[in-house]
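S.K.: below is the sequence, then the predicted model.
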Amino acid sequence: QVLLVESGGALVQPGASLRLSCAASGRSSYGVHISWFRQAPGKEREFVAIHSWSSNLKIYADSVKDRFTISKDNAKNTVYLQMNSLKPEDTAVYYCAAGSIWTSNPSPAQQDYWGQGTQVTVSS
């Protein structure tokens, strides 16, 4: 079992920055890759970024490449999502997820564990 707890969501203005955190715990927290997904109202949950747990490999969705950065702190078992130059279309509930499949385009169905989500709202 892997427990994921997100934090850091907030209401911000366009152009602002925000950092989300995903703290992982549990016996099986090793060997899983951590991904960020997001879901806007009325839309499907979409992939944002993934970080390999055993290396520094990272993959981003085209919509966030060059604006978002995923990173991890092994000592804290925490994965971060640094979001810069936020746009209104980034408004969504952001979820972190853990799965054992490494792929360039993770799908929600491939994830084994989910956090509860954190709301990010970008509005003036």
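M.R.: On my side now, so go ahead.

S.K.: beta-bridge partners for V120, please?
M.R.: Under the criterion DSSP bridges, V120 forms beta bridges with A92.

S.K.: could you measure from it over to S17?
M.R.: In this structure, V120 and S17 are 11 Å apart, going by C-beta to C-beta, to the nearest Å. The way it works is simple: take the backbone N, C-alpha and C, and place the C-beta from them, glycine included.

S.K.: find the residues that touch each one of those two.
M.R.: Between them, V120 and S17 share these contacting residues under C-beta atoms under 8 Å, 6 or more residues apart in numbering: 83, 86.

S.K.: looking at those two, which one has more neighbours?
M.R.: With other C-beta atoms under 10 Å as the criterion, V120 and S17 differ in neighbour count, and V120 comes out ahead with 22 against 11.

S.K.: what score does that one have for pLDDT?
M.R.: Per-residue confidence for V120 comes out at a pLDDT of 98.

S.K.: which stretches of the chain have low pLDDT?
M.R.: Under the criterion of pLDDT under 70, the regions of the chain flagged as low confidence span 27-30.

S.K.: okay, K43 and C96: tell me how far apart.
M.R.: For K43, the distance to C96 under the criterion C-beta to C-beta works out to 18 Å.

S.K.: quick check, central residue of the protein?
M.R.: With distances taken as C-alpha atoms, centre = their mean, the residue of the chain nearest its centroid is W36 (2.1 Å).

S.K.: who's in contact with the strand or helix carrying that one?
M.R.: Mapping W36 onto the secondary structure by DSSP states H and E places it in strand 33-39. Contacts of strand 33-39 from elsewhere in the structure, counted by C-beta under 8 Å, 6+ apart, are 4, 20, 22, 24, 45-53, 70, 72, 79, 81, 90, 92-102, 106, 108, 111, 117, 120.
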